[in-house]
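> build me a structure from this.
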Amino acid sequence: MYKKILLFLMLVDCACRGCAIIVLPMLGELHLPVFLIALSALITVLGIGLIVKFVRSGLRLAHLALFHLCSIGSAVASLVSLWFWPINVPIIETLITGSLLTILVNGTFLALAYHKKHYLTVQQRTQQLPAPKEQTPPTPPIPPVEPLPSSKEQAPLPKKQPPAPKAKGKKNKKNKKK
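Predicted structure coming up:
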């Protein structure tokens, strides 16, 4: 998600800087030193190059971080140089140079993107337990069943056993009558 936000910020930054660099000189409203305009133009060209790379093959977070770090550096350099430069800069020209807001927004989203990357996000899911059922006694285990022989393997038929011998000592009634 942060990668998309950083990409969107890069698009907005490039569009604002590019339009301001083109439109303000045409209106005669540009009072900035040339090196600040050139620095801003370099940042814009870097952004356009990254946009082309995004369209062709995609961007990594490191590419977006490079652009935003360059943008932050450009804004810091502009603010420091304008501190010592004795000119009055209208608010519209801060689109070219960048402002403290540029530094804060880009720095915040860079910090969030890299802070989020170092930690594993674990989602907690709540699960409702089923209602308790009546307790029934455990069922006894079922003994294993021997497999039936297949049609190819026929089990031998059991042999007939001879009759059991009769007990001696007792005589049958039939034998007595004879």
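> buried stuff in whichever helix in the chain runs longest?
Across the chain, the longest stretch assigned as helix under DSSP state H is helix 2-27. With burial defined by 16 or more other CB atoms under 10 Å, the residues of helix 2-27 counted as buried are 2-3, 6-7, 9-10, 13-14, 16-18, 20-21, 24. Every C-beta, even on glycine, is put in place using the N, C-alpha and C of the backbone.
> please apply the same query to stretch 66-77.
Phe67, His68, Cys70, Ser71, Ile72, Ser74, Ala75.
> count residues in the vicinity of Ser57, would you?
By other CB atoms under 10 Å, 7 other residues sit near Ser57.
> circling back: other SSEs contacting the longest helix of the chain?
Secondary-structure packing of helix 2-27 (3 or more CB pairs under 8 Å, 6 or more residues apart in numbering; DSSP states H and E): helix 34-56, helix 61-84, helix 94-97, helix 100-117.
> switch those over to CSV; also include mean pLDDT and distance to Glu146.
Below are the helices and strands packed on helix 2-27 laid out as CSV (pLDDT from 0 to 100; distance: least, CB to CB, whole Å):
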stretch, mean pLDDT, distance to Glu146
helix 34-56, 90, 69
helix 61-84, 88, 64
helix 94-97, 80, 88
helix 100-117, 80, 61
